[in-house]
Each structure stands twice: as structure tokens, then as C-alpha cells.
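Colleague: here is my input; please provide its structure:
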Amino acid sequence: MAGVTEDDAARFAYLAEGNAKQARKRVAADVLITDRAGRVLLVDPTYKEGWDIPGGMVEANEPPVAAAERELREELGLTLIVGRLLLVEWVPPHGPWDDQLVMIFDGGTLDDAMVAELRPTDDELAGLGFLTPAEAKPLLKPRLWSQLQKALAARTSGDVAYAELDPDAGH
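Modeller: The predicted model follows:
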């Protein structure tokens, strides 16, 4: 293979400048997990109000699926191979945060033995529970409730859902 030419160097410099100026999005990788009764696994984070779907933030240069699997291991001691993408949602800037992409992946259904043994394994979680969607709704912020509904619908339909939140709606 030949060395880098002046033309290559100029093109790489141009691309690097573009890369330095382009937006860098925060990305959340969450996982929809159910039990055999169809109840949804929710977690109670200690660092924010309200309950959430298991998962967390993707680290720099980390694939979203790997982040989702890492978060499950760290916070729940759960080793799963995360399944297909269910939802991608763009969340506009809110509070101190820039905009974000939320991805929810299918974590499948846990058997009764796995459900019985599941415990938080990290100080970031105060608890967890398997809840029906009706039981989950009052525990979730409206944005998270909406995401859960879209992910459940996508799991049933086999589609991947895409959504953009209204920047003027408040989050």
C-alpha cells in the first residue's frame, strides 16, 4: 500500500476540520425487558427523580448495544445479549443538557428464576420492579412513558419507531 500523498493529507485535514465542528450528540442506550407475565422491568435511579427503563449513557466511541449491555451488567448484574433496536428518539435541549438521541433495544423476556434473583448491583439504583404498563405510567416522566409505549408497540409490530420530541413542549 502506498504512503499518504499530499492530496490525501489535504483531504484528511479537511475531514478532520469538519469532524471537529460537527455536533456530538449525547446518546442513551436503554433496554426493554419483560417477565413472562408481560410486565416491564423498571429501575429507580438514585441520581434523578422518577423511575426509568434500564440502561444509560453511551461512552465516547462505544457502540450503543455495547453500552446497553454494559449498563445492565453494572447496575443489575445481568448479562444479556441485547436484541434489535425498537426506538430511536431525538430529544431537544432541556435544562442544562444539549440534545440527545435515545435508543431503546429489545432485551427479551426473563424467565421466572432470573426475575426472582434480579437485584440492583450498583449504588445508582435504589430498586427495581416488574410492572404492568398501567402501573408504570405514574412512576415515569411523560417523555419516558411515551418512549415506553413506542418501544412496546415496536416490539409487537416488528417495526423500528422513530420520533422527534417537540422542542417547545418542555421536557
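
Colleague: where in this structure is pLDDT low?
Modeller: Applying pLDDT under 70 to the chain flags residues 1-2, 169-171.

Colleague: one more pass at 80, please.
Modeller: For the chain, the stretches with pLDDT under 80 are 1-4, 6, 11-13, 15-23, 167-171.

Colleague: quick one: the strands in it, in order.
Modeller: 26-35, 40-45, 55-57, 85-91, 100-110, 125-131, 161-164 (DSSP state E).

Colleague: quick one, which of those strands is packed in tightest?
Modeller: Comparing those by mean neighbour count (mean count of other Cβ atoms under 10 Å), strand 26-35 comes out on top with a mean of 22. Where C-beta positions appear, they are placed from N, C-alpha and C, glycine not excepted.

Colleague: from the contact counts, what lies against it?
Modeller: Packing partners of strand 26-35 (3 or more Cβ pairs under 8 Å, 6 or more residues apart in numbering; DSSP states H and E): strand 40-45, strand 55-57, helix 64-76, strand 100-110, helix 142-157.

Colleague: out of the ones you listed, nearest to Phe130?
Modeller: Nearest to Phe130 among these is strand 40-45; the distance by Cβ to Cβ comes to 5.6 Å.

Colleague: what's the angle between the closest one and helix 64-76?
Modeller: Following axes from the mean of the first three to the mean of the last three Cα atoms, to 10 degrees, one obtains 70 degrees for the angle between strand 40-45 and helix 64-76.

Colleague: now do strand 40-45 against helix 142-157, angle only.
Modeller: Counting by the same axes, to 10 degrees, strand 40-45 lies at 150 degrees to helix 142-157.
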